[in-house]
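J.: Build me a model from this:
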Amino acid sequence: MIREILLLGNEELYDISDAVKEEELSSIAAIVGDLHDTLMDYRKKYGAGRAIAAPQIGVKKRLIYMHIDKPVVFINPVMSFPEDEMMAVLDDCMSFPGLYVRLMRYKSCSITYRDLDWKECSMALQGDLSELLQHEYDHLDGILATMRAIDNKSLVIKMT
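T.: Next comes the predicted model:
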C-alpha cells in the first residue's frame, strides 16, 4: 500500500525509532511492502528515490528499504565508519522534494543488520551508496539532512 511520506516540519520525523524484535517479523513484512510501494510511487512521480526509512511513513522502527538493482531490507542496522575520509554531497530527501542540502558524509561505511529471515548480514559501502545509507540511517535516529547542513547557505531549491 502506498503510504503518505511525512514532510519536513512534521515532528514525527525527529523521533528516535525502536529496534525491531524477532517476534515482530510477521508484521514487518507488511511494512516492507508499504515501503516498496511508497518508494516506487515516489520514483514514478519524481524520477528519483533509491531507499526509504520506515520513520518517513510514520513507522518508528529501525527499518530501511533500499531498491536499486534488487530490494534489500535492513532491520536494526548498525553503522560504523572504518575510515575518517569525508566527502561533500548535495543530499536530497523524499521528505523534502525539490530541496537539496550541502553536507559532509563519510566516503565509506560498514553496516550490519538483520534480513527478513532474521539472519545477520553485513555490507561495506563506498561513495554514493555509503552516502545513501548514512542518510537513511540518520532517519532512524530522528536526524534530517537539513540538520547536517555545512552552513546556513547550504540549502538549494531544485527548479523543475
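J.: Let me know the secondary structure of the closest residue to Ala149 other than its chain neighbours.
T.: Of all residues not flanking Ala149 in the chain, Val101 sits nearest, at 5.1 Å (Cβ to Cβ, 6 or more residues apart in numbering). Glycine gets a C-beta too; all of them are placed from N, C-alpha and C. Put simply, Val101 is strand when judged by DSSP: H, G, I helix; E, B strand; the rest coil.
J.: Identify the residues contacting Val101.
T.: Going by Cβ atoms under 8 Å, 6 or more residues apart in numbering, Val101 touches Leu90, Asp91, Asp92, Cys93, Ala145, Thr146, Arg148, Ala149, Ser154, Leu155, Val156.
J.: now, which of those residues lie within strands?
T.: Of the positions in the contacts of Val101, Leu90, Asp91, Leu155, Val156 sit in strands, assigned by DSSP state E.
J.: re the thing from before, and which of the contacts of Val101 is nearest Asp34?
T.: Distance to Asp34 across those (Cβ to Cβ) is lowest for Cys93, with 18.2 Å.
J.: Retrieve the pLDDT associated with the closest one.
T.: For Cys93, the pLDDT comes out at 96.
J.: Without its sequence neighbours, what residue ends up closest to it?
T.: The nearest residue in space to Cys93 (Cβ to Cβ, 6+ apart) is Ala145, at 5.5 Å.
J.: rewinding a little: same list, the contacts of Val101, but as a markdown table with neighbour count and distance to Ser122 please.
T.: Output for the contacts of Val101, formatted as a markdown table (neighbours: other Cβ atoms under 10 Å; distance: Cβ to Cβ, whole Å):
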| residue | neighbour count | distance to Ser122 |
| --- | --- | --- |
| Leu90 | 13 | 28 |
| Asp91 | 22 | 24 |
| Asp92 | 19 | 27 |
| Cys93 | 24 | 25 |
| Ala145 | 26 | 25 |
| Thr146 | 16 | 30 |
| Arg148 | 18 | 25 |
| Ala149 | 16 | 30 |
| Ser154 | 17 | 32 |
| Leu155 | 14 | 34 |
| Val156 | 13 | 34 |
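J.: can you confirm Met159 is in a helix?
T.: No: per three-state DSSP, Met159 lies outside any helix segment and is coil.
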